[in-house]
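3D model of this:
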Amino acid sequence: MSARIEHLVTSGTFSLDGQTFDVDNNVWIVGDDREVVVLDAPHDVDVIAAAIGERTLLAVLCTHAHDDHVRRAPALAGRFSTPERRVPVLLHPADREVWDLTHPGVATTDLSNGEVVTVAGTELHVLHTPGHTPGAVSVYAPELSTVFTGDTLFAGGPGATGRSFSDFATIVDSIRDVLFELPADTRVHTGHGEDTTIGDESPHLQEWIARGH
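Model (predicted):
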């Protein structure tokens, strides 16, 4: 039996470049009745911990290091760690500078492109998809026909690239060369907002490039 996907929404703020915005963030929990991996831990550790319950938390996997995606990651990992087993916070090393804006000096465990994280017998494939941030990753679960894109790809277009550490041409390359190579029926679970599919988004790539954002 493969893992299942559970969804939470938590609310808080996102701050960067001297600006702060109110945001709602998706939190994705992948696993079964025994063990889970959490993708992003934004605003409310108690809500996420309650959803995990008595299950074993294998890792907190960060799609990128903006504060609205990682603010509670160390606290969540710490709550489920034991003297025998430390729960790792997984982050691509290219996002270390962004991480340090929120958690200076706090250790993470490096994620690499192509790495596979296994939970409840289901493989989560790490895809480095920079652009929104240098270390942004998407997480592809082929057995679940799902990709978790963080803020790289949304319903309606790419994530924002108008702030520090981001680049529009890079995010377009990531979407075209990595995400749009996935099967068209792959469901896209995003960092904010509604789901979409690869097939629904791929016909619009040239429109996004023409708009330049």
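
List the buried residues for stretch 134-143?
134-141 (16 or more other CB atoms under 10 Å). The way it works is simple: take the backbone N, C-alpha and C, and place the C-beta from them, glycine included.

make that stretch 67-81, sorry
Buried residues in stretch 67-81, counted by 16+ other CB under 10 Å: 67-74, 76-77, 80.

How about stretch 151-165?
In stretch 151-165, counting by 16+ other CB under 10 Å, buried: 151-154, 157-161, 165.

follow-up on the earlier one: can I get the buried residues of stretch 67-81 in a markdown table with secondary structure?
Shown next, in a markdown table, are those (DSSP: H, G, I helix; E, B strand; the rest coil):
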| residue | secondary structure |
| --- | --- |
| Asp67 | helix |
| Asp68 | helix |
| His69 | helix |
| Val70 | helix |
| Arg71 | coil |
| Arg72 | coil |
| Ala73 | helix |
| Pro74 | helix |
| Leu76 | helix |
| Ala77 | helix |
| Phe80 | helix |
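
of all these, which comes closest to Asp95?
The shortest approach to Asp95 among the buried residues of stretch 67-81 belongs to Val70, at 9.0 Å (CB to CB).

which ones are touching the spatially most central residue of the chain?
The centre of the chain sits closest to Thr63, judged by CA atoms, centre = their mean, with a distance of 2.7 Å. By CB atoms under 8 Å, 6 or more residues apart in numbering, Thr63 lies in contact with 39-40, 69, 136-139, 148-152, 191.
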